[in-house]
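In: Fold the following, please.
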Amino acid sequence: MYKTLIPGAIGHGKPIGEAVIGAADAGFEGIWLSAADLEGPVGETAKLLEDAGLRAAGFDLPVRFRGGETEFLEDMKGLRRLAERAARLGASRCATWISPASDSADYSRNLSFHAERLGAICGALGEYGVLFGLEFVGTPSARANARYEFIYNLDGALELCDATGAPNCGLLLDLWHWDMAGQGSGDFSKLSNGRVALVHVNDAPIGADLETRGDSPRELPGETGILRAAEFMEGLRSIGYDGPIAAEPFRKDLAEMSYEGAMRLVSRSIDRIL
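Out: Model (predicted):
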């Protein structure tokens, strides 16, 4: 696996021309792209990455699949174009998250809705060899007051992947949500390297009530030792995971630091658990 920078996840959302500066010196090998990064001239972006010594790890899903049919179809029109541009940059991974609850659709109806929408997305991405990762949200409070529970753990996410019928439908594994959902080392037997598109790592604050708290703030990987990072990383190694690994700490103080300082701090934190 290789250390990947997601600038927005450390409080420094920047255009690609600024985001790559100093990233390799800070210890990163890859960078995660936004949809906006894919709109620029592909040749220029490729040169920026080459000069910076970085690989394009993947990109955010630019499709509003959770809402109405009109906006979904509108975004789908541009997805193939962006996927083609991403593939030319070597960004062969894309990811999004799945809401763990609904007030309007029960599990069965919600599963059908997501399978149809995400299956169409997988079809478009698959034409360009892009693996699509779905992130389950395991935080208990995220579904506590909703009328209907939906997918919030590994088994549910795998069920959804299967329901799409798409061979390129995989997972985004986040240490926070993995731990919150009660997953364990044995669960890695359900996975393979080719089914994991992206990995997020982080830690939990000391003294937080993990049953009632929200998704943020979090801590840097390995900072408090509350989340089961060693078990998680061993599981990734057991399946031979060789994709991008990025920190997603949601800490406001990182945004108050210089970009270079934040990158170096985050890079060292990932080293703690690798």
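In: Tell me where the stretch 51-200 of the chain has helices.
Out: With DSSP state H, counting those that start in this stretch as the criterion, the stretch 51-200 of the chain has helices at 69-89, 107-126, 154-164, 175-180.
In: any weak-confidence spans in the stretch 101-250 of the chain?
Out: The stretch 101-250 of the chain contains residues with pLDDT under 70 at 210-213.
In: Strands of that one, start to end?
Out: 101-102, 131-136, 148-149, 169-174, 196-201, 244-247 (DSSP state E, counting those that start in this stretch).
In: Now tabulate these in JSON lines and tack on distance to Ala36 and mean neighbour count.
Out: (Glycine included, C-beta is placed from N, CA and C.) Formatted as JSON lines, the strands of the stretch 101-250 of the chain follow (distance: least, CB to CB, whole Å; neighbours: other CB atoms under 10 Å):
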{"stretch": "strand 101-102", "distance to Ala36": "29", "mean neighbour count": "18"}
{"stretch": "strand 131-136", "distance to Ala36": "19", "mean neighbour count": "24"}
{"stretch": "strand 148-149", "distance to Ala36": "34", "mean neighbour count": "15"}
{"stretch": "strand 169-174", "distance to Ala36": "20", "mean neighbour count": "26"}
{"stretch": "strand 196-201", "distance to Ala36": "19", "mean neighbour count": "25"}
{"stretch": "strand 244-247", "distance to Ala36": "18", "mean neighbour count": "26"}
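In: Which among those strands is found nearest to Ala46?
Out: Closest approach to Ala46 among the strands of the stretch 101-250 of the chain (CB to CB): strand 244-247, 17.9 Å.
In: Now the element after the closest one, going C-ward?
Out: Next helix or strand after strand 244-247 toward the C-terminus (DSSP states H and E): helix 252-256.
In: what's that next one in contact with?
Out: Outside helix 252-256, the residues that touch it by CB atoms under 8 Å, 6 or more residues apart in numbering are 10-12, 217, 262, 265-266.
In: Could you do stretch 67-85 as well?
Out: 35, 38-39, 42, 59, 62-65, 94, 117, 120-121, 124-125, 127-128, 130.
In: Check stretch 45-57 too.
Out: For stretch 45-57, the surrounding residues in contact (CB under 8 Å, 6+ apart) are 2, 4-5, 16-17, 20-21, 23-24, 28-33, 37-38, 86, 88-91, 93, 198, 243-244, 246.
In: Please save the CA atoms from it in PDB.
Out: Only the C-alpha atoms of stretch 45-57 are listed here, as PDB (Å, rounded to 0.1, in the frame of the first residue of the first chain):
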ATOM      1  CA  THR A  45      -2.100  17.700 -15.000                       C
ATOM      2  CA  ALA A  46       0.000  14.700 -15.900                       C
ATOM      3  CA  LYS A  47       3.000  16.900 -16.100                       C
ATOM      4  CA  LEU A  48       2.300  18.400 -12.700                       C
ATOM      5  CA  LEU A  49       2.100  14.900 -11.200                       C
ATOM      6  CA  GLU A  50       5.200  13.700 -12.900                       C
ATOM      7  CA  ASP A  51       7.200  16.700 -11.900                       C
ATOM      8  CA  ALA A  52       6.000  16.400  -8.300                       C
ATOM      9  CA  GLY A  53       6.800  12.700  -8.200                       C
ATOM     10  CA  LEU A  54       3.300  11.600  -7.400                       C
ATOM     11  CA  ARG A  55       0.800   9.200  -8.800                       C
ATOM     12  CA  ALA A  56      -2.900   9.800  -9.300                       C
ATOM     13  CA  ALA A  57      -4.400   7.500  -6.800                       C
END
